[in-house]
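Asks: give me a model of this one.
(chains A, B and C, ligands or ions: 3)
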Amino acid sequence: MDIKEIIKPENLVYKRTPLMTDATLSYCPGCGHGTIHRLIMEVVEEMGIQQEIIGIAPVGCAVLAYEFMDVDFTEAAHGRAPAVATGIKRLWPGKFVFTYQGDGDLAAIGTGETIHACNRGENITIFFVNNGIYGMTGGQMAPTTLEGMRSSTTPYGRNSTAMGPPYKITEMIAQLPGTYYVTRQSVHKPGPVRKAKKAIRIALEAQKENKGLSFIEFVSNCNSGWKMTPVDSNIWMEENMFPFYPMGDIKVEGKLVKN
Amino acid sequence: MKELALMKGNEAIAEAAIRAGVDGYFGYPITPQSEVMEYLTLQKPEERTGMVILQAESEIASINMLYGAAGTGKKVMTSSSSPGISLMQEGISYIAGAELPCLVVNVVRGGPGLGTIQPSQADYFQATKGGGHGDYHLIVLAPASVQEMADFVDLAFNLAFKYRNPAMILSDGLIGQMMEKVELPPQKERVTTFDQSWVTTGKTDDRERNIITSLNLDPDRQYEHNLKLQEKYKNMEQDVMFERIACDDADFLLVAYGSSARICQKVVEVARGRGKRIGLLRPQTLFPFPTREIAKLSRRVKAIMSVELSAGQMVEDVRLAVKGKVPVYHYGMMGGKIHSPDDVLHAVEEKFMGGF
Amino acid sequence: MAKVKGAIVVEVERCKGCQVCMVNCPTDTIGMEEEVNGKGYHYAYMKNPDYCTGCTNCAVVCPDGVITVYRVKQN
Ligand SMILES: Cc1ncc(C[n+]2csc(CCOP(=O)(O)OP(=O)(O)O)c2C)c(N)n1
Ligand code: SF4
Ligand code: SF4
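Replies: Ligands and ions are numbered 1, 2, ... in the order given. As a prediction, this is how the structure comes out:
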């Protein structure tokens, strides 16, 4: 069968959602940020909530997230997105509000804002991209950087005695009564992408029902920071990141399912 | 009918905020302004008007909640005192850069550092020159009475929305804690009458998405943005406010704001009683600063003294206005100590007329 | 037996040549072009067009969302 016969509008099965703008993503080739953006926008499109949702962009590689997702956006200071989201949501309890944050943003400089927004059970959704490193500033150590992992500020590998071990903020915030749905996902393969999208849907549906805070961690790659090809970075991620940051739900419908 | 009350300055701000139809307050306790949030929570404004009150986990959080909330186009405010305001500077810079209207109240205490909880005016530089990083200014209002604490809330919001710029009420522990009779403003409805086209409401089909940001990676665009901001700050001059007290025939001029202006008013009274022609110019807006008025007055007085509860901060702006035409002195106590009218009078005698 | 036939269209100028689609294609349809696009990347293309089943795996993992997928059922 000729390809021209197949490539017809009636045979279309997958196309980038129009809620992604036409701007070329500023991310490095193969970086998971782009996929995560797209999944969020697919869910927003499917739920028909573009007119009711406001995003908060972080400081980090996703600082320009608002250039790519066609929804109203506020750009927060480094780490402050959960506080910014709180301000918006408190004044507009009927709208959807989400933050999109890296691990430096959320788990280092913004730890306080993260924990307290979770503890208050702000009815928002936090998308947390854990790539184990500070991507934007050139691959320095993040709170999530693995033991022994090299970064531009741990050139001989992270030494937990001197620098403290990596920590799992996702498991920590799952302990707080304010969180309703806490899960860890990835977007490096088709199966995980489809699961991650389901998780995003659950999170935004929970927000619609005023259930409390939903928190999705995406373990993602930073091939630039890790100094690997995109394909190798995904393999390295599975072999090294996943054992420490295991995939799956941690809290569902307000109940811990994994500690 | 007039509605009179006897209140602390801090309580007057809180009551005026409810009556101005403010939509949200985010704060963190610090002396000497904790009464603002205490009064608000006691008043159940969520029932009175639907106003949202939230105690944040820090001033960093409260200023960022304010940033988010201001992006909804509603009337939102925070209050704090010097150390807390220092912690807020990053957020204030973002708010100014993103051009969001809101109100920040600083009930100043003595510093530096943890300093003291006693009144001070040593945050003048921080308030009027920017305070955080980058070229920006706040609209700065300086109340000198409990009445003005109340009146300036609505004024601050009007100016903040007019210019899409954060406004600050720069008060101090003296006025915050002092009890005075105050005529309360009538209750306004909690509705927004200001332009909402830039607000993040959720993107509708009839418009492009609204983005609230202070980021412009392209230096040309950031330059343009800065030019626009500077033009805005220049335009604010039309809203300058000040009070002239016995200035018409004055030989010597005092310049003072807030609590220091109250003390200077007494100085003028006493000096006039002794036949000395002293006048007082009291800026009610510190940014915009009454530069022109001071320049005008400097043409006829023999000398000027800026009286502040600081080592001399506003005096620099007075000097810039006077451009060396007459001597400009500073007098003031620091670190939470308050000068008495006698202290000021003594300093005036020494500087201006070699004793009178 | 019904056979599923698919095809992909890659937005050449937006492809960053990361190869994530290629390694996630279960039927070895995708290869990287010898030539480079305007940004200097070897872009993805259907090396073995006959193998494509239109499963959308490549499209859902493409970080830049540059792949459109079509599918038909043949009898
Ligand atoms: C107050 C402040 N401190 C430091 C920075 C510099 N900075 C920008 S991005 C960043 C780290 C971002 O890392 P992460 O949050 O992990 O996101 P990624 O870039 O990896 O996606 C830092 C330290 C800043 N912009 N503001
Ligand atoms: S530096 Fe890392 S996180 Fe940032 S865009 Fe590149 S790959 Fe992605
Ligand atoms: S995954 Fe996308 S960007 Fe990467 S090579 Fe394939 S088509 Fe190009």
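
Asks: use CA for all of it now, contacts and neighbours both
Replies: OK.

Asks: what about the helices in chain A?
Replies: A:3-6, A:32-47, A:65-68, A:81-91, A:103-104, A:111-120, A:160-163, A:169-174, A:190-208, A:223-226, A:230-236, A:242-244 (DSSP state H).

Asks: sorry, that was for chain C
Replies: C:20-24, C:57-61.

Asks: out of those helices, deepest packed?
Replies: Using mean count of other Cα atoms under 10 Å in any protein chain shown, the stretch among these with the largest mean neighbour count is helix C:57-61, at a mean of 26.

Asks: how about the CA coordinates for the helix or strand of chain A with the lowest mean pLDDT, as CSV?
Replies: Of all helical and strand segments in chain A, the minimum by mean pLDDT, DSSP states H and E falls on helix A:3-6, at a mean of 92. This file holds the C-alpha atoms of helix A:3-6, laid out as CSV (Å, rounded to 0.1, in the frame of the first residue of the first chain):
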residue,chain,number,x,y,z
ILE,A,3,2.2,5.7,1.9
LYS,A,4,0.2,8.5,0.3
GLU,A,5,-2.9,6.2,0.8
ILE,A,6,-2.2,6.0,4.5
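
Asks: now do A:Glu113 against B:Ala156, distance only.
Replies: Between A:Glu113 and B:Ala156 the computed distance is 28 Å (Cα to Cα, to the nearest Å).

Asks: so which of the two has more stuff around it?
Replies: Neighbour comparison, A:Glu113 and B:Ala156: the larger count goes to A:Glu113, with 26 against 22 (by other Cα atoms under 10 Å in any protein chain shown).

Asks: what about whichever residue of chain C sits closest to ligand 2, distance to chain B?
Replies: Nearest residue of chain C to ligand 2, counting by Cα to the nearest ligand atom: C:Pro63, 10.0 Å away. C:Pro63 sits 23 Å away from chain B, going by Cα to the nearest Cα, to the nearest Å.

Asks: residues contacting that residue?
Replies: Applying Cα atoms under 8 Å, 6 or more residues apart in numbering or on different chains, we find C:Pro63 in contact with A:29-36.

Asks: contacts for the least confident helix or strand of chain A next, please.
Replies: By Cα under 8 Å, 6+ apart, the residues outside helix A:3-6 that reach it are C:5-7, C:49, C:70-72.

Asks: could you list the buried residues of that helix?
Replies: A:Ile6 (16 or more other Cα atoms under 10 Å in any protein chain shown).

Asks: low-confidence ranges, chain A, go.
Replies: For chain A, the stretches with pLDDT under 70 are A:259.

Asks: residues in it within reach of ligand 1, list them.
Replies: Counting by Cα under 6 Å from any ligand atom, chain A comes close to ligand 1 at A:59-62, A:78, A:102-105, A:133-137.

Asks: neighbours of A:Val257, how many?
Replies: Other residues lying near A:Val257 total 14 when counted by other Cα under 10 Å.

Asks: list the contacts of it.
Replies: Applying Cα under 8 Å, 6+ apart, we find A:Val257 in contact with A:249-251.

Asks: go again using 6 Å as the cut-off
Replies: Applying Cα atoms under 6 Å, 6 or more residues apart in numbering or on different chains to A:Val257 gives the contacts A:250-251.

Asks: angles on the backbone of it, please.
Replies: Main-chain torsions, A:Val257, degrees, to the nearest 10: phi -110, psi -10.

Asks: quick one: it from ligand 1, how far?
Replies: Noted for A:Val257: a distance of 27 Å to ligand 1, by Cα to the nearest ligand atom, to the nearest Å.

Asks: please apply the same query to B:Ser298.
Replies: Taking Cα to the nearest ligand atom as the measure, B:Ser298 falls 44 Å from ligand 1.

Asks: neighbours around that residue, how many?
Replies: 24.

Asks: for it, which non-adjacent residue is closest in space?
Replies: Among residues not flanking B:Ser298 along the chain, B:Val322 sits closest, at 6.0 Å (Cα to Cα, 6 or more residues apart in numbering or on different chains).

Asks: B:Lys266 too?
Replies: Leaving aside its sequence neighbours, B:Lys266 sits nearest to B:Pro341 (Cα to Cα, 6+ apart; 6.2 Å).

Asks: got a pLDDT number for the nearest residue to A:Lys8 once chain neighbours are set aside?
Replies: Among residues not flanking A:Lys8 along the chain, C:Tyr70 sits closest, at 7.3 Å (Cα to Cα, 6+ apart). pLDDT recorded at C:Tyr70 is 98.

Asks: I'd say C:Tyr70 and C:Val9 touch.
Replies: No. Taking Cα atoms under 6 Å as the definition, C:Tyr70 is not a contact partner of C:Val9, at 8.3 Å.

Asks: ok, these two, which is more surrounded?
Replies: A direct count of neighbours by other Cα under 10 Å for C:Tyr70 and C:Val9 places C:Tyr70 higher, at 26 against 16.

Asks: show me what that one is bridged to.
Replies: Beta-bridge partners of C:Tyr70, counted by DSSP bridges, are A:Leu12, C:Ala7.

Asks: restrict the contacts of C:Pro63 to those near ligand 3?
Replies: For ligand 3, the contacts drawn from those by Cα under 6 Å from any ligand atom are A:Gly30.

Asks: and the contacts of C:Pro63, which is closest to A:Pro9?
Replies: Proximity of the contacts of C:Pro63 to A:Pro9 (Cα to Cα) peaks at A:Thr35, which lies at 23.8 Å.

Asks: which residues touch the closest one?
Replies: With contact set as Cα under 6 Å, 6+ apart, A:Thr35 has these partners: C:Pro63.

Asks: how far away is it from ligand 2?
Replies: From A:Thr35 across to ligand 2, the span is 11 Å (Cα to the nearest ligand atom).

Asks: now restrict the contacts of C:Pro63 to buried residues only.
Replies: Among those, those buried by neighbour count (16+ other Cα under 10 Å) are A:29-36.

Asks: in the stretch 151-259 of chain A, what residue comes closest to ligand 2?
Replies: In the stretch 151-259 of chain A, the residue that lies nearest ligand 2 is A:Cys222 (3.5 Å; Cα to the nearest ligand atom).
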